[in-house]
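Enquirer: Sequence plus the predicted model coming up.
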Amino acid sequence: MNEYATSFGNSAAEALPEHRAQFIRKTYLLLAAAIVAFIIVEAFLFVSGAATLIASVMFSGGAMGWLLVLGLFMGVSFLANRWATSETSRVTQYLGLGVFVVAEAIIFVPLIFMATYYAGDANVLLKSGIVTLGLFLGITATVFITRSDFSFLGPILAIGGFTALGFIVASAIFGFSLGSVFAFVMVAFAGTAILYETSNVLHRFNTNQHVAAALTLFAAIALLFWYLLTIFSSRR
Amino acid sequence: MNKILIAFLLISVLAVAAFAQAAPAPPPMTLKVGDMAPDFTLPDTTGKKVTLSEFRGKNNVVLAFFVLAFTGG
C-alpha cells in the first residue's frame, strides 16, 4: 500500500516525465544541501567549542540523564521527520529537515571526538566520507540504471532495524562490545536502506514530497557514515 | 511496508548507537617509556595494602593482574 497516495499528488512512477525529473532533481539538490549544511553545522560545533559542551553532557549525567537526552533527541528527530513528511506547509517541511540536520550534527559529536582520538588520524573523517559517497553513488547508480523496484526490502529492513536496535540496547545495558563484525553488518544494513529509499524516490514517493525523500535518504547516508567511521576509527 | 516506519527505524538505530557509544573516553596517556611510575597503593594477594614507593631502591616491582582468580587482593 502506498501511504502517501492521498490528495498529496501522484507517485513519481506515475507522474509525467518532466514532473518526475523535476522531483528527482529537487530531491537530490536538497539532499546535497542537507549534507553541506550538516558539514557546516558540525564544523561550527567544533570550532566554536560547543562540541566540547555537548560531548561532556553526553559523556556524563548517569543512566537517567543518558535516557533523558536520548529520549529528547529521538523526540526531536521524530517530530522533525513528521514535519518533513507532512502534507501541510512547505515551510514546515523544510523546517523539519533543518531541525533533523542539526540534530544529526549534534549526535555525531561524541563519535567524531572518539574517532579522531582513537584513530589518531584526522583523515579518518575524510576517508569515511569518501567511502560513504562512493557507496551512495554506486547504489544510486544501480537503482537508476536497473530501474528495479526494491520496495520488497521494506520488511527485511524493518526486521533488521529492530534486531539491530535490540543488539545495541542489550550491549549498552549489559556492557558488551558488538565488535567490528556488527559494524560491517550495519554498513550492509545502511546500504540496503539507501537502496530501498532510492527505489522509493523512483517509484513510491509523490512528486511533491522531495523534502521527505531527501530526509529519508539523508538518514540512511548518516547511518552508513556512522558505521564506516566506527570501522575506520578502530583500524589504525 | 510503511516508509515512515523505516525512516523512524533508521533514526532510532543511529540515535541509540550514538548514545550507546557515548562512554567516557579514557584520559590521554602522558607517561612515556623511561618515565618514573606514578605512586599507587593496591591490595596484594593477601589483601594487605602495598604502596609502590615502599619498594623504591629495595626491590624490583612487578604489577600483575590475575583476572577471575578470586584471591583476596
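Expert: Alright, I've got the coordinates. Numbers count the residues shown, from 1 in each chain, chains lettered A, B, ... in the order given.
Enquirer: use CA for all of it now, contacts and neighbours both
Expert: OK.
Enquirer: Please enumerate the helices of the chain.
Expert: Defaulting to chain A. Counting by DSSP state H, chain A has helices at residues A:17-48, A:50-59, A:62-84, A:90-107, A:109-119, A:124-146, A:153-174, A:179-203, A:210-234.
Enquirer: Please refer instead to chain B.
Expert: Under DSSP H, chain B gives helices at B:3-21.
Enquirer: Low-confidence stretches in it?
Expert: Residue ranges of chain B with pLDDT under 70: B:1-2, B:21-29, B:65-73.
Enquirer: which residues in it form strands?
Expert: Along chain B, counting by DSSP state E, strands occupy B:41-43, B:49-51.
Enquirer: Which residues does the first one contact?
Expert: Taking Cα atoms under 8 Å, 6 or more residues apart in numbering or on different chains as the criterion, the residues outside strand B:41-43 that touch it are B:49, B:50, B:51, B:52, B:73.
Enquirer: Present those as TSV; the columns should include neighbour count and distance to chain A.
Expert: Putting the contacts of strand B:41-43 into TSV (neighbours: other Cα atoms under 10 Å in any protein chain shown; distance: Cα to the nearest Cα, whole Å) gives the following:
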residue	neighbour count	distance to chain A
B:49	11	30
B:50	13	31
B:51	14	31
B:52	15	30
B:73	14	24
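Enquirer: Spatially, which two of these are the most separated?
Expert: Spatial extent of these (Cα to Cα) is set by the pair B:52 and B:73 at 15.3 Å.
Enquirer: who's in contact with stretch B:14-22?
Expert: With Cα under 8 Å, 6+ apart as the criterion, stretch B:14-22 contacts A:58-59, A:66, A:70, A:73-74, A:107-108, A:110-111, A:165, A:168-169, A:171-172, A:223, A:226.
Enquirer: ditto for stretch A:222-236
Expert: Stretch A:222-236 is contacted from outside by A:104, A:108, A:111, A:115-116, A:118-121, A:124-125, A:127-129, A:131-132, A:180, A:183-184, A:186-187, A:190-191, B:10, B:14, using Cα under 8 Å, 6+ apart.
Enquirer: one more time with 7 Å
Expert: Residues outside stretch A:222-236 that contact it (Cα atoms under 7 Å, 6 or more residues apart in numbering or on different chains): A:115, A:118-119, A:124-125, A:128-129, A:132, A:180, A:183, A:186-187, A:190-191, B:14.
Enquirer: Then stretch A:34-51?
Expert: Here stretch A:34-51 makes contact (Cα under 7 Å, 6+ apart) with A:101, A:102, A:105, A:109.
Enquirer: can you do 10 Å?
Expert: With Cα atoms under 10 Å, 6 or more residues apart in numbering or on different chains as the contact definition, stretch A:34-51 has outside contacts at A:28-33, A:52-54, A:56-57, A:97-98, A:100-110, A:112-113, A:214-215, A:218, A:221-222.
Enquirer: count of neighbours near residue 39?
Expert: As the question left the chain open, I've gone with chain A. By other Cα atoms under 10 Å in any protein chain shown, the residues close to residue A:39 number 14.
Enquirer: nope, chain B please
Expert: Quick note: residue B:39 (other Cα under 10 Å) scores 9 neighbours.
Enquirer: Residue A:196 now?
Expert: Residue A:196: 25 neighbours (other Cα under 10 Å).
Enquirer: Might one say that it is in contact with residue A:157?
Expert: Yes. The pair residue A:196 / residue A:157 is scored as a contact, 8.6 Å apart, by Cα atoms under 10 Å.
Enquirer: Common neighbours of those two, please.
Expert: Here residue A:196 and residue A:157 have A:190, B:6 as joint contacts, going by Cα under 10 Å, 6+ apart.
Enquirer: circling back to that earlier point, reformat the strands of chain B as a markdown table; add distance to residue A:148.
Expert: Below are these laid out as a markdown table (distance: least, Cα to Cα, whole Å):
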| stretch | distance to residue A:148 |
| --- | --- |
| strand B:41-43 | 65 |
| strand B:49-51 | 70 |
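Enquirer: which one of those lies closest to residue A:88?
Expert: Relative to residue A:88, the nearest member of the strands of chain B by Cα to Cα is strand B:41-43, separated by 65.3 Å.
Enquirer: Pairing partners for the closest one, with directions?
Expert: Partners of strand B:41-43 in the sheet, by DSSP bridges, are strand B:49-51 (antiparallel).
Enquirer: how far is the strand it pairs with from where the chain is centred?
Expert: 20 Å (Cα atoms, centre = their mean, to the nearest Å).
Enquirer: which residues are in contact with that strand?
Expert: Strand B:49-51 is contacted by residues B:39, B:40, B:41, B:42, B:43, B:44, B:73 when judged by Cα under 10 Å, 6+ apart.
Enquirer: now do stretch B:55-67
Expert: By Cα under 10 Å, 6+ apart, stretch B:55-67 touches B:42, B:44, B:45, B:52, B:73.
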